[in-house]
Each structure stands twice: as C-alpha cells, then as structure tokens.
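Trainee: test case, fold it:
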Amino acid sequence: MRRGDDEASSIGTRIILPSSFTSGRRYRFNRCRDAMAICKHYFGYPNLFLTITCNPNWLEFQRFTERERIPIADCVDISCRVFHTKLKCLLSDLKEGVFFGPVNAGMYTIEFQKRGLPHAHMLLWLNGKSNLQSVEIVDEFICAELPNPQKFPSIYNVVTKYMIHGPYGRLRLSSPCMKDGKCSKFYPKRFVDQTSFDDDGYPIYRRRNMVITVKIKNVDIDNRFVVLYNPLLLMKYQAHINLEFCNKSNIIKYIFKYVNKGLDWVTATVGETYDVGESSQVVDEIKQYYDCRYLSPSESMWRIFTYDIHQRWPSVQRLTFHLPNQQHVIFDDADSTTHIYLRNKDLLTMFTGWMMANRRFPEGRSLTYVEYPGKFVYCLNSKEWKPRQRGFSIGRLSFAHPSSGEIFYMRMLLNV
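Mentor: Prediction:
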C-alpha cells in the first residue's frame, strides 16, 4: 500500500484504551462512577477524606539503610513493600472500627509524588451511629491544635514533625506553595475558640490562641499552621496523615474526581500537519498515553508487584445492557465470520442472563436490574446469575449518553 493510501485509510480512525487498562481515561471515569454508585446506595455521602503519605523515616527504612548503607530513595522496591504493608494494616484497622467506629464502605487510590514516594487518597463512609453530625464528634475525630508538650510529649513530637504546614505565607515568601504572594493552601488559618459549621455546612475547626508553639526555622509556629489530623492514627503510623470532614453534597463530585484523577498529564506534539479538517484527525489514545505519561521508579515497581492502584469495598458490579442483537462480540482479526457467528449465536450476555434468571428465580422478579447483585451473583464462565450465598455487591448500570438514542431510554427503564 502506498503512503497516501495508508493515510487515507486512517482518516476518522479512533483507537481507544479500554476501561480495563489501569490509569487510562475510561478506567478513571469508571472508578468515579463506582464511587457515585456507593454514594447512591444507602451509605449516602462519604464522611471522611484521608490522605496517608509514605514516610522515608519509618523504622523499617532506617534499619535497612543502616544495615545496607543505601538511601531508601534508591530502593523503591523496599519503599513500595513497606508502604503496601502499612496500607493493608490501616485498611484492616478501619474495617474493624479501631479509629472511627464501624465503617460501611470505603475506597482509595494510590498516587506517586514527583520524587517517587507513594501516597493514598481515601474516602470513608461511616456507620450512621458514628456520622460526624455534631461538633463534639468532629472534635473527637479531627484535631487542628498542637498538643500540650508537658502532658502529651509523644504526640507533640509527632505532630510537630509531620503535621505542620510552615513556616509559609508572609513568613516565607519563597515557599513552593506561595502563589501571587499567598499560600495556595490558605495557611495560616485564623484562630477559632470552638468548632462550628458555616452557613454552607463546611466545618471551621477549633484552633485556640494558646501559648503552645514550636520553633521551625527560627519562627514560632502556633495552631494556625497545624494540618488536620487524628491523634490515634498519627501515633500508630508515624507519617503525614491528613484527615478532613467531607459530608457535603456540593463537593461530592469534586472529591470523587480528585480521588480518581490519576496522574499529571501533558501533551506535546511535533509533526506534520495535513489540511483535512479537525473531524478527519486520527485519535489514538494509546499513542497519547505513551507520549504524555511520566512513570516514576516507585510506580513502576508498584505495578511490577501487581499491587492495587485502586480499591473499594463493598464491590461494585457494572451491569451491561444492550438492544436486541446489538451485544458486543469479541474476536481476533484472524477469525472467520462464520466462526464468529457460530460461537456467539446462542451465547448469553449478562443482560440476557438476567432475563433468564428471572424465569428461574421468582424471588428476583421484585428486584430491579441494579438491585440484582445484592441477592444474586453473576458467574462469568457459565454466563448465569445464581443466588448469592454470602456478602453482597452494589449494582451500577453502564453509562449511556443521552445522544445514544434508544439505549439511553432503555437504561432509564431498567431503573424502574
């Protein structure tokens, strides 16, 4: 084929990364939709937003560096393993209700700083009895003050070591967080005698004007520079662990998109241009992914160990649906049309299998398609729905754009 024919054959082509590809655009979109499904379920809005960052000064790292005399920054396999172990321990504590009481649901996403250290953004849905609906409960879980060094010397040392944002602002204009002469994180905060909620429902945390300070870079730092924390979490895990109240409807979508935003991206293209119009350009998401993605050594090792980038509980079952004879069919380029037809002619899909299950199980007829995973489980090998023996799953209908026509209205009917 001549070059001109090759270019003509690619006009209007769209090459996509499927949702199963970790960190791809559709992967992040589906993770955000999964979070909305948990929110839509009876758990309501998430209550807490938690961020835990890998601490290069953990004792596990210090023992290794002292023995091998190698900086931990050069041993990303060790840092990933230790952080993964700490994260598993934290999840176990949260699910058992050690810090905040019973937790109904949660999700987290792993990200990597520019210098490589991993950190996790986590959303938690608390049990109704421990929801942060009062000022007293907020003060019990979240603190924004320096502890008394005479009464609590251990927690004072940890807070001043990991949970101080400063000195910044006017005290240090050269700080990386300074933009247009102001701290982008809005520090220092103002003194407040007691925790309260403003007119929009956002919490204003207690930061009393006390004599307790800490000297950092020859500057006395007070409660206005303390990052929100939980004392029990901080003492056990000895790292930067930011904890914030987030039970507000008007910030839920922002939080879900922030937690599932993925990595920093940049696109730069140098090449020939063709005067064929914008609608004729080739959209190659795989090429875009390779062109603009920065992969740190820590993330590379995390992926080699096959650790989860994203995790949620309970599980969310994505429910597919289609119009008659319009189900998706997967085949190889080398397969013949006859072979593809014979292999898929009588093959059940998740959607048609649900219809067949309603014939077999009368108890499922009172459930909508979305409610079905709570009582039934879909077997991928046999393409059948069977009664669930234990646990449950949250159902979520796959996305359909309003411009997609009849399939969009079928999605609306399936919710009834």
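Trainee: hey, what's residue 123 bridged with?
Mentor: residue 49, residue 107 (DSSP bridges).
Trainee: I'd say it and residue 103 touch.
Mentor: No: the criterion here is Cβ atoms under 8 Å, and residue 123 misses it with residue 103 at 10.6 Å. Where C-beta positions appear, they are placed from N, C-alpha and C, glycine not excepted.
Trainee: neighbour-wise, which of these two wins?
Mentor: residue 123 (26 against 23; other Cβ atoms under 10 Å).
Trainee: kindly state the pLDDT recorded for that one?
Mentor: With respect to pLDDT, residue 123 scores 88.
Trainee: for residue 102, same thing?
Mentor: The model's pLDDT for residue 102 equals 87.
Trainee: residues near it, how many?
Mentor: Residue 102 has 13 neighbours, counted by other Cβ under 10 Å.
Trainee: correct me, but it touches residue 127?
Mentor: Yes: at 3.7 Å, residue 102 counts as touching residue 127 under the criterion of Cβ under 8 Å.
Trainee: could I get the phi/psi values of the closest residue to residue 167 other than its chain neighbours?
Mentor: With sequence-adjacent residues excluded and distances taken as Cβ to Cβ, 6 or more residues apart in numbering, residue 167 is closest to residue 219, at 4.1 Å. Backbone geometry at residue 219, expressed as degrees, to the nearest 10, gives phi -130, psi 130.
Trainee: can you get me a residue count around residue 219?
Mentor: When neighbours are counted by other Cβ under 10 Å, residue 219 registers 14.
Trainee: how close does it get to residue 124?
Mentor: Using Cβ to Cβ, to the nearest Å, residue 219 is found at 34 Å from residue 124.
Trainee: buried set for the longest helix belonging to the chain?
Mentor: Identified as the longest helix of the chain according to DSSP state H is helix 76-95. Residues of helix 76-95 classed as buried: 76, 78-84, 86-87, 90-91, 93-94 (neighbour count, 16 or more other Cβ atoms under 10 Å).
Trainee: how far away from the center of its chain is that helix?
Mentor: 16 Å (Cα atoms, centre = their mean, to the nearest Å).
Trainee: how does this structure divide into domains?
Mentor: 25-143+228-259, 315-416 (automatic domain parsing).
Trainee: what segments of the stretch 301-416 of the chain are helices?
Mentor: With DSSP state H, counting those that start in this stretch, the ranges of helices along the stretch 301-416 of the chain come out as 337-344, 350-360, 406-414.
Trainee: thanks a lot, see you next time.
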